[in-house]
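> Below are the sequence and a predicted model for it; my questions follow.
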Amino acid sequence: MKMMLWRGLGLLLMLTAMALPLMRAIDRPVESLVGRWAMPPSDFMEVDGQLVHWRDEGPRQDPHPIVFLHGVAASLHVWEAWAQDLSPRHRIIRLDLPGFGLTGPLSESHLQGATADYSAENLARFTWRVLNELKVEQATIVGHDLGGEVAWRLALMAPSKVQRLVLMGATGWPDPPQRQVLGLRMARWPVLGALGDGIMPRALVARSLADTYAQPERITPEQVDRYHELLLRDGNRAALRQFLAQPADHDAVTRLKVMSRPTLLIWGQQDLQVPPAAGERFARLMPHARLLLLPHVGHQVPEEQPGLALEALRTFMRQPLGSTQHQ
């Protein structure tokens with residue numbers, strides 16, 4: 001019996017060794033990705049020495065633009081349907097946060113010691129600097145997942161910059177997910193996470209994306225290609241591991257009880273990554289917040305059924321400042 005087990009283990013190791021070269025995925029320079037993922041209206045700028053991939057659409061004279069912030073391992077592309085719908089009437093600004101998309105890892109000028117700081121607090125400071133660079137005085141800030149936490153931290157940090165706040169599946173509470181995305185779970189494991197710097201099978205990305213959907217059949221091959229290829233952007237996988245390894249800071253969320261800005265909370269009823277209970281806690285804490293639960297939607301609110309959330313956002317934008325509705 002022991003001999004059979006050892007032979008089985010040896011066969012498994014041999015097959016793994018043969019499969020690894022087939023799954024090998026080397027880092028890709030940003031220039032090789034621009035042709036597919038940074039077509040107009042994409043643009044690049046430097047903010048304090050950091051390269052930033054961004055898009056600016058709609059009427060430039062709009063004094064109160066809408067700024068969209070994506071989540072973990074995502075990019076500004078998740079807001080495409082939103083930009084198409086809203087840009088005829090609103091100025092729409094999107095950016096890839098540092099560590100993700102074509103913006104890529106933090107430059108040396110932004111490193112704190114030997115370790116890059118990808119905390120939501122630091123990303124909020126960086127977003128504030130971007131808005132200053134673009135001379136945006138005040139905006140509606142819309143954030144999903146990590147981008148939602150960046151949004152509410154920005155609102156606490158620089159309240160004069162925020163006119164309205166929209167949070168979708170936003171992080172910040174200490175509660176663990178009901179189901180961790182497979183790719184993120186593996187990236188947290190020291191050995192597998194390190195291997196991920198050289199191995200990133202497309203099938204793993206597809207499975208991880210499916211974990212964020214209530215209806216995975218809505219996912220398109222192009223979406224999987226986008227998430228996969230942008231994860232291969234030079235430095236992004238290492239940045240993701242650094243982000244996941246950072247200690248969580250859940251103390252700041254309680255300060256939202258003094259948030260004076262009108263806030264719309266949008267959650268998928270079948271969100272297993274940041275469950276609706278988190279949205280309910282935000283709604284109880286924030287004095288001017290309204291919570292909307294979307295049926296048959298998971299964590300990926302921006303892409304799974306954007307039309308449902310867009311209708312709520314349009315209504316929210318039409319409301320006079322100072323008016324709030326609760327449900």
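On my side now, so go ahead. Residues are numbered from 1 along each chain as shown.
> excluding its backbone neighbours, what's nearest Thr254?
Leu285 (7.3 Å; Cβ to Cβ, 6 or more residues apart in numbering). Every residue, glycine included, has its C-beta placed from N, CA and C.
> what's that neighbour sitting at in phi/psi?
Main-chain torsions, Leu285, degrees, to the nearest 10: phi -80, psi -40.
> Neighbours of it, how many?
If you count neighbours by other Cβ atoms under 10 Å, Leu285 ends up with 16.
> how close does it sit to Tyr227?
Note on Leu285: its distance to Tyr227, by Cβ to Cβ, to the nearest Å, is 32 Å.
> Ok, Arg202 next?
The spacing between Arg202 and Tyr227, counted by Cβ to Cβ, is 9 Å.
> And the two? Which one has more around it.
Tyr227 (21 against 16).
> Surely that one is in contact with Leu204?
No - Tyr227 is not in contact with Leu204 according to Cβ atoms under 8 Å; the separation is 10.3 Å.
> Pull up the gap between the residue nearest the centre of the chain and Ser107, please.
In the chain, the centroid-proximal residue (Cα atoms, centre = their mean) is Gly71; its distance is 0.8 Å. Gly71 is 22 Å from Ser107, where distance means Cβ to Cβ.
> could you say which helix or strand contains the nearest residue to His77 once chain neighbours are set aside?
Excluding the flanking residues, the one nearest His77 by Cβ to Cβ, 6+ apart is Arg226, at 5.8 Å. Per DSSP states H and E, Arg226 falls inside helix 221-231.
> ok, residues contacting that helix?
For helix 221-231, the external contacting residues (Cβ atoms under 8 Å, 6 or more residues apart in numbering) are 28, 33, 36-37, 73-75, 77, 100-102, 200, 202, 205-206, 208-209, 236-237, 240, 303.
> Emit the ChimeraX select command for whichever of those are buried.
Entered in ChimeraX, the line below selects the buried ones among those, by 16 or more other Cβ atoms under 10 Å:
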select :33,37,73,74,75,77,100,101,102,200,202,205,206,208,209,236,237,240,303
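> before we move on, the earlier item: can you check what pLDDT the model gives the residue nearest to His77?
pLDDT recorded at Arg226 is 98.
> Low-confidence stretches in the stretch 151-300 of the chain?
176, 178-199 (pLDDT under 70).
> how about the helices of it, start to end?
182-188, 190-195, 202-210, 221-231, 236-245, 276-285 (DSSP state H, counting those that start in this stretch).
> Now distance to Leu131 too, for those helices, in JSON lines please.
Below are the helices of the stretch 151-300 of the chain laid out as JSON lines (distance: least, Cβ to Cβ, whole Å):
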{"stretch": "helix 182-188", "distance to Leu131": "28"}
{"stretch": "helix 190-195", "distance to Leu131": "33"}
{"stretch": "helix 202-210", "distance to Leu131": "29"}
{"stretch": "helix 221-231", "distance to Leu131": "23"}
{"stretch": "helix 236-245", "distance to Leu131": "22"}
{"stretch": "helix 276-285", "distance to Leu131": "23"}
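> Ala170: which of these is closest?
helix 276-285 (7.0 Å; Cβ to Cβ).
> buried ones in stretch 133-152?
Using 16+ other Cβ under 10 Å as the test for burial, stretch 133-152 gives 134, 136, 138-152.
> ugh, wrong one, stretch 258-269
For stretch 258-269, the neighbour count (16+ other Cβ under 10 Å) marks Met259, Arg261, Pro262, Thr263, Leu264, Leu265, Ile266, Trp267, Gly268 as buried.
> Out of those, which sit inside strands?
Thr263, Leu264, Leu265, Ile266, Trp267, Gly268 (DSSP state E).
> how about those residues in CSV, adding distance to Leu292?
CSV is the format used below for those (distance: Cβ to Cβ, whole Å):
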residue, distance to Leu292
Thr263, 11
Leu264, 7
Leu265, 7
Ile266, 5
Trp267, 7
Gly268, 10
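> Distance check, the residue nearest to Thr254 against Arg255.
9 Å.
> Which residue ranges of the stretch 1-150 of the chain form helices?
Per DSSP H, counting those that start in this stretch, the stretch 1-150 of the chain carries helices over the ranges 2-23, 31-37, 80-86, 120-133, 146-157.
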